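J.: Below is the sequence, then the predicted model.
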Amino acid sequence: MTAYLTHFLVMVAIYAILALSLNLLIGYSGIFSLAHAAIYGIGAYASALAALKLGLGFWGGMVVAASVGAFASALVAIPSLRVAGDYYVVASFGLQVVVLAVFMNWTDLTNGLAGLPGIPRPRLFGWVIDQPFEYVFLAAAFALLTWAICWRLTNSAFGRVLQAIRDDEIAAVAMGKNVVLVKIVIACISSALGAMAGSLYAHYITYINPSSFSLHESIFIATLVILGGSERLAGPIVGAFVLLAVPELLKFLAIPDAIAAPMRQIIYGALLIVFMLVRPEGILGRARDGR
Amino acid sequence: MAAEAAVLRVQDLSRSFGGIQAVDECTFDVRPGVITGLIGPNGAGKTTVFNLITGFLGANHGSIRLQGTEILGLSPHQVERLGVVRTFQHLRLWNKMSVLENVLLGCATPAGENVFGLFLRAGTVRAEEQRARDRAMEVLSLFGLTDRAHELAEDLAYAEQKLLSMARIFATDAPVLLLDEPTSGLDSESLGRIIPMVRRLVDHGKTILLIEHNMELISELADQVVFLHQGRVLAAGPPAEITSDPALTEIYFGV
């Protein structure tokens, strides 16, 4: 039971990082991305490969992951964010598809569908973090760091510019803000943090394959943000907790697996629809028409 | 006339959209420390001239010099940084942000807007933010919006939103302010609040170019008038001269 609970908490922390970082785009900048799972995967693969092929440890791998994640995002952001924001949805969808295809088909590097086993556990000053409860602290520390970075970014003059871009991009340009640069910068930061989550995941599970980083996963992460409430910094964390808890709770009901899996999808979909109707600003947002 | 050198000098400016010549060989000067009014009937090209000056549109040819420096071809944020900033006819306030935040976005916060500065120069950022807040409150008080500082921009009355749109560009310290129809849609009581405010901007050393739709208000608002018609400058001079010219009023009122 303890192992079960610690695993749950580690996954909540990892998804909290993903949701917090995606919310920098969706909530604070008004840029919708469908590539966050691809970025998460890039982080996981970059970090795993750095460990397996280059002998870099977890920390070095995480730096590589964040850099590669930011770079991949810049490749898409620089051409697509120069034009009006909506193109980014399509461009990010393209990134998601291409990256997943690379994970599956560049078998020399990624080992294709068979995935990469034997990813080493993190070490901290010679101490190997391999107990689940230790990993809870590590993941929570990174979630906290991500939260602190997001807080600093959003509660500042930079954050004001992000909100101004979200509210009225043309006004932001007229007031002397370099909107294109700001959007590219925030896309890179969001991706660097998302890739960091991938690195944490890879060294925790010690085995990765492409199925964890599909378009479904991207939609799931976006769902965490929308359900939790994108207007508040804590919203995505609440979203991650609630949406990971729901399927776990379902396990306690005597439902056969064959039904439980599709049930989960149905519940996510239903939750999204219900929230759009009664609480469009998310769990932590205001109820509709009420203040 | 041996007037002081123009702050903004527009020369042979042209822009067409498809077959329509929206701005046609426009030439006029904006002199420092006065209010210059762009007037003309609907479709005369007034807003297009604004969009050309501020870099939102490219010109087919011509030149726009700000104190001797060519600004045509620069992007809008570069034009703003050189000291020309505009309002919009439809205001384009950041409606979901507070009145104070709207003005703060006009105040200079280079360290806080830089991601590296944010994490590496916390002290500078804090001091700069405090200065910006003091400055923003000062500007709000000048525009009579102090007690609205923490309300959302969308919750203000229309006249106050107009004031806010001027306050946020005033906060930028740009010497040249372009006001797109500052009086449109206002009742006479609100006009009594806005017109003196526009005048006071000049007392603060600003140079103003504004678009005005109302022939009757132009003499109250402007020191110099440029009359546009079908993209061309038909006349330029003091408002009394323009409003008393029967040929121009005929074009304007279509009688």
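T.: Received it, and whenever you're ready, just let me know what you need.
J.: interface residues of the stretch 101-250 of chain B facing chain A?
T.: B:101, B:104-106, B:109, B:111-115, B:118-119, B:125, B:128-129, B:132, B:168-169, B:172 (C-beta under 8 Å from any C-beta of the partner chain). Glycine gets a C-beta too; all of them are placed from N, C-alpha and C.
J.: taking these one by one, which sit in strands?
T.: Among those, none falls in strands (DSSP state E).
J.: Would you list the buried entries among those?
T.: Among those, those scoring as buried are B:101, B:104-106, B:109, B:111-115, B:118, B:125, B:128-129, B:132, B:168-169, B:172 (criterion: 16 or more other C-beta atoms under 10 Å in any protein chain shown).
J.: how near is A:Ala234 to chain B?
T.: Per C-beta to the nearest C-beta, to the nearest Å, A:Ala234 is found 19 Å from chain B.
J.: residues near that residue, how many?
T.: Using other C-beta atoms under 10 Å in any protein chain shown, A:Ala234 has 15 other residues around it.
J.: contacting residues for it?
T.: A:228, A:284 (C-beta atoms under 8 Å, 6 or more residues apart in numbering or on different chains).
J.: Report pLDDT for it.
T.: The model reports A:Ala234 with a pLDDT of 86.
J.: Equivalent analysis for the one 10 residues further on, please.
T.: What the model reports as pLDDT for A:Leu244 is 88.
J.: Surely it touches A:Val12?
T.: Yes. At 5.4 Å, A:Leu244 counts as touching A:Val12 under the criterion of C-beta atoms under 8 Å.
J.: More neighbours: which of the two?
T.: A:Val12 (21 against 18).
J.: what helix or strand is that one on?
T.: Assigned by DSSP states H and E, A:Val12 falls within helix A:2-26.
J.: Which neighbouring elements make contact with the helix or strand following that helix?
T.: Under the assignment DSSP H and E, the closest C-terminal helix or strand after helix A:2-26 is helix A:36-54. Applying 3 or more C-beta pairs under 8 Å, 6 or more residues apart in numbering or on different chains; DSSP states H and E, one finds that helix A:36-54 contacts helix A:2-26, helix A:58-80, helix A:87-105, helix A:107-110, helix A:179-205, helix A:215-228.
J.: give me every residue that touches the residue in chain A sticking out farthest from the centre.
T.: In chain A, the greatest distance from the average C-alpha position (C-alpha atoms, centre = their mean) is reached by A:Ala174, at 32.4 Å. By C-beta under 8 Å, 6+ apart, A:Ala174 lies in contact with B:54, B:56, B:76, B:80, B:85-86, B:88, B:92.
J.: Quick check: of those, which lies closest to B:Asp245?
T.: Nearest to B:Asp245 out of the contacts of A:Ala174 is B:Arg86 (C-beta to C-beta; 28.3 Å).
J.: Show me the beta-bridge partners of the closest one.
T.: For B:Arg86, the beta-bridge partners under DSSP bridges are B:Leu178.
J.: quick one: pLDDT of A:Pro247?
T.: According to the prediction, A:Pro247 has pLDDT 77.
J.: Can you give me the buried ones in the strand or helix carrying it?
T.: Here A:Pro247, judged by DSSP H and E, is contained in helix A:235-252. Neighbour-count burial for helix A:235-252, counted by 16+ other C-beta under 10 Å, picks out A:235-241, A:243-244.
J.: how far off helix A:235-252 does the helix or strand following that helix point, in degrees?
T.: Using DSSP H and E, the next helix or strand after helix A:235-252 towards the C-terminus is helix A:257-278. Here helix A:257-278 points in a direction 140 degrees away from that of helix A:235-252 (axes from the mean of the first three to the mean of the last three C-alpha atoms, to 10 degrees).
J.: Show me the contact partners of helix A:257-278.
T.: A:220, A:223, A:226-227, A:243, A:246-247, A:250-251, A:255, A:282-283, A:287-288.
J.: From these, pick the one nearest B:Cys26.
T.: Scanning the contacts of helix A:257-278 for proximity to B:Cys26, where the rule is C-beta to C-beta, the winner is A:Ile226, at 48.8 Å.
J.: so where's the chain uncertain?
T.: Just so you know, I chose chain A. When residues are selected by pLDDT under 70, those of chain A lie in A:1, A:84-85, A:285-291.
J.: oops, chain B please
T.: Flagging of chain B using pLDDT under 70 yields the residue ranges B:1-4, B:255.
J.: can you tell me which helix in it is longest?
T.: In chain B, taking DSSP state H as the definition, the longest helix is helix B:122-142.
J.: Could you check how far that one is from the centre of its chain?
T.: 23 Å (C-alpha atoms, centre = their mean, to the nearest Å).
J.: number of nearby residues for the residue nearest to A:Leu24 when sequence neighbours are not counted?
T.: Sequence neighbours aside, A:Ser190 is the residue nearest to A:Leu24 in space, at 4.4 Å (criterion: C-beta to C-beta, 6 or more residues apart in numbering or on different chains). Residues lying near A:Ser190 (other C-beta under 10 Å) number 30.
J.: does A:Ser190 really touch A:Leu18, like I thought?
T.: No. Checked against C-beta under 8 Å, the pair A:Ser190 and A:Leu18 is beyond contact range at 10.0 Å.
J.: Which residues are in contact with each of these two?
T.: Residues touching both A:Ser190 and A:Leu18 (C-beta under 8 Å, 6+ apart) are A:His36.
J.: B:Asp203 - how many residues pack around it?
T.: With other C-beta under 10 Å as criterion, B:Asp203 counts 8.
J.: any idea how far B:Thr48 is from it?
T.: To B:Thr48, B:Asp203 is 30 Å away according to C-beta to C-beta, to the nearest Å.
J.: ok, residue 224 - contacts?
T.: As the question left the chain open, I've gone with chain A. By C-beta under 8 Å, 6+ apart, the contact set of A:Leu224 is A:15, A:18-19, A:22, A:236, A:239-240, A:243.
J.: wrong chain, I was asking about chain B
T.: Each residue near B:Gln224 by C-beta under 8 Å, 6+ apart is listed here: B:31, B:34-37, B:236-239.
J.: now A:Ser47
T.: A:58, A:61-62, A:64-65, A:119, A:198-199, A:202-203.
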